[in-house]
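Engineer: the following comprises the amino acid sequence and a computationally predicted model.
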Amino acid sequence: MISDPQGTILALFIAFCRIGTCVMILPGFSSSRIPVQIRLLIAVALSMAMLPVLWDTIYPRVSAPGATYIGLIFTESLVGAMYGMLARLYTLGLQFAGTIISMMIGYSTPGAVDIVEDTFETGLTNMITFSGLMLLFILDFHHIVFRALIDSYSVVSLGAEIQMRSNLISITDTLESTTYIMLRLSSPFILYGLMFNVSIGFINKLAPQIPVYFISTPYLLMGGLFMFYLSIAALVSQFADAFGNVFIGR
């Protein structure tokens with residue numbers, strides 16, 4: 001028997017504000033391919049599962065007289081959005097790396113609808129993004145995010161004033177780390193593309209009467225795809241391994 005049904009519902013709703021907002025932005029869960037009803041049910045189920053762990057933290061705050069629920073809803077939603085955005089920025093970096101790889105190896109096919117996002121990307125970028133996200137789910141990256149959400153109540157207490165400066169620092173640090181990691185993952189293809197194009201430029205100077213650039217495009221693509229075939233496993237594996245360091249480090 002629940003002694004305080006109203007306080008229980010309010011505590012569940014406040015927990016849903018932080019957890020549900022994070023799920024709304026979290027990569028994979030926020031995909032347009034997943035129906036809104038499924039995402040809502042996932043967020044509610046997660047909130048109900050985490051509420052017993054957070055009961056001593058949330059219930060006394062929402063059941064206290066004079067509680068400002070509008071302020072609690074706003075701050076909790078903002079904290080959840082920040083945690084979801086940190087994970088989303090890291091996965092968006094893989095699209096950045098995939099675009100670099102496609103450009104460097106001459107894979108310039110017309111863009112198709114992305115599997116995860118509502119954008120247009122090349123088939124190679126789609127495959128890289130989907131493979132990286134699938135490996136993150138296999139390695140239970142969402143468990144890391146949800147554990148961080150539970151720990152966030154000790155870092156940003158319920159109803160506390162949001163420190164916008166620290167949030168912006170966390171976002172910029174995540175962007176910096178993500179950019180370095182993605183440039184490192186795509187660096188072999190950057191070097192390959194530069195070396196190939198410089199070599200073709202020298203050949204074109206030696207034989208200007210031959211349309212070397214038109215002839216060299218199939219060789220650029222063939223060599224790039226072969227390099228991609230050899231390195232895709234290491235690329236996706238390093239991407240998944242670095243997620244914990246980037247996310248938990250914030």
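Structural biologist: It's in. Numbering: from 1, shown residues only.
Engineer: use CA for all of it now, contacts and neighbours both
Structural biologist: Will do.
Engineer: where is the longest helix in the chain?
Structural biologist: Across the chain, the longest stretch assigned as helix under DSSP state H is helix 164-206.
Engineer: pull the distance from that one to the chain's centre.
Structural biologist: Offset of helix 164-206 from its chain centre (Cα atoms, centre = their mean, to the nearest Å): 18 Å.
Engineer: go on, stretch 68-80?
Structural biologist: For stretch 68-80, the distance to the chain centre is 23 Å (Cα atoms, centre = their mean).
Engineer: please apply the same query to stretch 144-155.
Structural biologist: On the basis of Cα atoms, centre = their mean, stretch 144-155 sits 17 Å off its chain's mean C-alpha point.
Engineer: same check on stretch 86-98?
Structural biologist: For stretch 86-98, the distance to the chain centre is 5 Å (Cα atoms, centre = their mean).
Engineer: which stretches of the chain form strands?
Structural biologist: According to DSSP state E, the chain carries its strands in the segments 112-113, 120-121.
Engineer: picking up where we left off before, give the rounded mean pLDDT of the longest helix of the chain.
Structural biologist: Average pLDDT, helix 164-206: 86.
Engineer: show me what that helix is packed up against.
Structural biologist: helix 69-104, helix 212-248 (3 or more Cα pairs under 8 Å, 6 or more residues apart in numbering; DSSP states H and E).
Engineer: what are the buried residues along the longest one?
Structural biologist: Of the residues in helix 212-248, those buried by neighbour count under the rule 16 or more other Cα atoms under 10 Å are 217, 220-221, 223-225, 228, 235-236, 239-240, 243, 246-247.
Engineer: which ones are touching the residue sitting furthest away from the middle of the chain?
Structural biologist: Within the chain, Gln209 marks the point farthest from the mean C-alpha position, 48.3 Å out by Cα atoms, centre = their mean. Contact criterion Cα atoms under 8 Å, 6 or more residues apart in numbering gives no residues in contact with Gln209.
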